[in-house]
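Asker: Model the structure of this input:
(chains A, B, C and D)
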Number of protein chains: 2
Amino acid sequence: MNYQIELRHFVYFLAVADELHYRKAAEKLFISQPGLSTQIKQMEEILGTQLFVRDKKKVSLTPAGEFLKKEVEFILNHLDQTKKQVKLIGDGQLGEVRIGFLGSAMQNVVPNLLLGLKEKFPTVHTTLEELSNRAQINAILADRLDLGFVRLSRVPKGLDVKPVFEDTFSLVLPEDHPLDAKHFKNINQVADEDFILFSQDYSPMYYDTVLSICEDSGFVPNVSHKSVHAQTIFKLVENKLGIAIVPTTLQHGFQMKVKFIEMKKIKQRAVLSMVWKTDNRNPALQKCMDLLQKL
Amino acid sequence: MNYQIELRHFVYFLAVADELHYRKAAEKLFISQPGLSTQIKQMEEILGTQLFVRDKKKVSLTPAGEFLKKEVEFILNHLDQTKKQVKLIGDGQLGEVRIGFLGSAMQNVVPNLLLGLKEKFPTVHTTLEELSNRAQINAILADRLDLGFVRLSRVPKGLDVKPVFEDTFSLVLPEDHPLDAKHFKNINQVADEDFILFSQDYSPMYYDTVLSICEDSGFVPNVSHKSVHAQTIFKLVENKLGIAIVPTTLQHGFQMKVKFIEMKKIKQRAVLSMVWKTDNRNPALQKCMDLLQKL
DNA sequence: CTATTTGATAATTCATGTTTATTGATTATT
DNA sequence: AATAATCAATAAACATGAATTATCAAATAG
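Answerer: Modelled structure (predicted):
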């Protein structure tokens, strides 16, 4: 009287509806015929409607049963798909990773990650957003982002960081600047020039690192301009408004009248790190991070 | 290990997913907290995926759980609607009745039935088909029709008949025929005329009845033409090719130069009956038949 | 530090799904 | 017509597993 329909009922019902024969249906289900009979009867009681007509040696569906059959087929089918998808999501084969990144990560790390994902986990979707260090951190804390690519050494509690790419620094000079790679020995050769840097606010780590490079050579740079876009910085250099120090990989993807001198000998490196929330259980994120280890 | 997901799991799962708190969810479900814990755990084992993260004093959904929640909400909702619809169909409130009828039933009985259905059971749909007596019987036997309106006294085994409308017979004469209603006393006043009747094959009962009317007045009619369409018969009468005897209600709906003389005094009646298969369990059919009793 | 709250675990109870055995009804066979 | 066979329904016995009670460990709040 107080019972509840269960999926078992549906499976039984479908068997009978298909066979139109209790004993055969029971055999197919590997249960006894009386058990099947009682369950169907119970089902009819719960629904308050007769589903089968047992009439003179033959079983047939009532219109209500006919209708229910279609619906049950749909529901069981939908359920089957759902179970499979849940498993896939749980295994990280299917899902979405929301990625934030600094512009400079687009030169190298992020494209490689996307290619790797496409190859190994083609059903994992990604959404990409170019954001500042700070914006990424906020987004990750607020669960609006799964993974960030930042240039930071320290992150708030609850987040984890891990370096994924180390880059040398390069000096950026106007194309016709007298200094060239062959004659470059030490950064103090350009100690008197004006410097154009990424703004401290945009990337504190970068800023500090560049200052420490200069400090190691015994001078304090004269910073004439600050910007948050590499393109702006290169443009300023092109127009001889100063020189710059940037991560080396930034030289790709721009067509400017500037030249790069890679400073391999200085010890500082531009470190790109990935950041994520420690307790983020997105299985697709795990797959991403596994992939990044191997790159 | 070998268990099967049941709807109970889904209901429990939704409760926890909504509350994100086992004890509160258990209270809402009127079961104990440990029972809920074990069922959710079992569910996770069956699906092979973790659905909740129980982490330091707070419960939250995994991406797989998040996905499952949406699907379960959909499934349970769909199921609810299905249960209601099955009940409605079983009660005959929702469904379809396939109706066959003789042209003459369209004057009166069928329109009334349709109006009644529309009023009392607006969700019961009907399909209509004008068919001969024989064609209706065959269609009902073959389960292509639920209900028929025929002029027959006897039907094959497995079918039931019940009269729904009794009609007097009328004499059909050309408009300028010397006989009129005022001077009509007995059918033998036109015993010498040619008669135009519905063909015996189309409606044996009608044919026999008309013959018996004449017989009662002591003559055998001279049948000059037979037809299956009232319109044809009236046209022939209009052109003075004979006179006819038809069920009285047929006079409506035609615009012809003929006059009708209703013969109330003769005992024979044109009986319209409904026919259906004895074991037809279409609940909507029952509603139809109930309605017809009251008309 | 103590008290409280959380979900998980263990043992027990109890509901109910399932089986075996049987019956009544119908159909096929001789 | 009598017998055998087939079908679904019913009754009683059984067993599976869901739910309860009692308890614990971990974490948080006062």
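Asker: Pick out the residue in the stretch 101-250 of chain A sitting closest to chain B.
Answerer: In the stretch 101-250 of chain A, the residue that lies nearest chain B is A:D146 (9.8 Å; C-beta to the nearest C-beta). C-beta coordinates here come from the backbone N, C-alpha and C atoms, glycine included.
Asker: Enumerate every residue touching the residue most central in space within chain A.
Answerer: In chain A, the centroid-proximal residue (C-alpha atoms, centre = their mean) is A:V97; its distance is 2.4 Å. The contact partners of A:V97, by C-beta atoms under 8 Å, 6 or more residues apart in numbering or on different chains, come to A:117, A:124-127, A:146-147, A:282, A:284-285, A:288.
Asker: Compute the number of surrounding residues for the residue of the stretch 101-250 of chain A closest to chain B.
Answerer: Other residues near A:D146 come to 24 when the count uses other C-beta atoms under 10 Å in any protein chain shown.
Asker: Kindly confirm whether my reading is correct that it touches A:W276.
Answerer: Yes: A:D146 is in contact with A:W276 according to C-beta atoms under 8 Å; the separation is 6.5 Å.
Asker: Is DNA strand D within reach of the longest helix along chain A?
Answerer: Looking across chain A with DSSP state H, the single longest helix is helix A:63-90. No: for a cut-off given as C-beta under 7 Å from any atom of the strand, helix A:63-90 has no contacts with DNA strand D; the smallest distance is 12.8 Å.
Asker: in that helix, what's buried?
Answerer: A:63-65, A:67-69, A:71-72, A:75, A:79, A:82-83, A:85-86, A:88-90 (16 or more other C-beta atoms under 10 Å in any protein chain shown).
Asker: which phi and psi does the residue of chain A most remote from its centre have?
Answerer: In terms of distance from the mean C-alpha position of chain A, A:K56 ranks first, at 63.1 Å (C-alpha atoms, centre = their mean). The phi/psi pair for A:K56 (degrees, to the nearest 10) reads phi 40, psi 70.
Asker: Distance check, it against B:N239.
Answerer: Distance, A:K56 to B:N239, using C-beta to C-beta, to the nearest Å: 55 Å.
Asker: beta partners for A:V223?
Answerer: Counting by DSSP bridges, A:V223 is bridged to A:F195.
Asker: about what we covered before: next structured bit after the longest helix of chain A?
Answerer: Next along the chain after helix A:63-90, taking DSSP states H and E as the criterion, comes strand A:95-101.
Asker: so what strands line up beside that following strand?
Answerer: strand A:124-130 (parallel), strand A:147-150 (parallel).
Asker: Right, and DNA strand D sits closest to which residue of chain A?
Answerer: Relative to DNA strand D, the nearest point of chain A is A:P34 (2.8 Å; C-beta to the nearest atom of the strand).
Asker: Quickly find the element holding that residue.
Answerer: Going by DSSP H and E, A:P34 is part of helix A:33-47.
Asker: Do stretch A:78-94 and chain B come into contact?
Answerer: Yes: judged by C-beta under 8 Å from any C-beta of the partner chain, stretch A:78-94 and chain B are in contact via A:78-79, A:82-83, A:85-87, A:89-91.
Asker: Between those, which sits nearest A:S132?
Answerer: Nearest to A:S132 out of those is A:I89 (C-beta to C-beta; 30.8 Å).
Asker: Touching, the closest one and B:G65? I think so.
Answerer: No: the criterion here is C-beta under 8 Å, and A:I89 misses it with B:G65 at 9.0 Å.
Asker: Among the residues of stretch A:78-94 next to chain B, which one sits closest to A:D194?
Answerer: For these, the minimum distance to A:D194 (C-beta to C-beta) is 53.5 Å, reached by A:I89.
Asker: Now do A:L285 against DNA strand C, distance only.
Answerer: Distance of A:L285 to DNA strand C, given as C-beta to the nearest atom of the strand, to the nearest Å: 22 Å.
Asker: ah, wrong one, I meant A:H229
Answerer: 48 Å.
Asker: which residue packs closest to that residue, ignoring adjacent ones?
Answerer: Nearest residue to A:H229, sequence neighbours excluded (C-beta to C-beta, 6 or more residues apart in numbering or on different chains): A:G103, at 7.1 Å.
Asker: tell me the pLDDT at that neighbour?
Answerer: At A:G103, the predicted lDDT confidence score is 83.
Asker: Repeat that for A:N2.
Answerer: For A:N2, the model assigns a pLDDT of 65.
Asker: one step back: what residues does the residue nearest to A:H229 make contact with?
Answerer: A:130, A:229-230.
Asker: Can you lay out these as JSON lines showing pLDDT and neighbour count?
Answerer: Output for the contacts of A:G103, formatted as JSON lines (pLDDT from 0 to 100; neighbours: other C-beta atoms under 10 Å in any protein chain shown):
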{"residue": "A:E130", "pLDDT": "91", "neighbour count": "15"}
{"residue": "A:H229", "pLDDT": "86", "neighbour count": "11"}
{"residue": "A:A230", "pLDDT": "88", "neighbour count": "22"}
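Asker: Which stretches in the stretch 151-295 of chain A count as helices?
Answerer: A:204-216, A:230-238, A:283-294 (DSSP state H, counting those that start in this stretch).
Asker: looking just at contacts, which helices and strands does the first one meet?
Answerer: Secondary-structure packing of helix A:204-216 (3 or more C-beta pairs under 8 Å, 6 or more residues apart in numbering or on different chains; DSSP states H and E): strand A:169-174, strand A:194-198, strand A:243-247, strand A:270-277.
Asker: Could you point out the helix or strand that follows the helix holding A:P34?
Answerer: By DSSP H and E, the next helix or strand past helix A:33-47 is strand A:52-55.
Asker: partners of the following helix or strand past that following strand, with directions?
Answerer: Using DSSP H and E, the next helix or strand after strand A:52-55 towards the C-terminus is strand A:58-61. Its sheet considered, strand A:58-61 pairs with strand A:52-55 (antiparallel) by DSSP bridges.
Asker: What residues sit buried inside the strand it pairs with?
Answerer: Applying 16+ other C-beta under 10 Å to strand A:52-55 flags A:F52 as buried.
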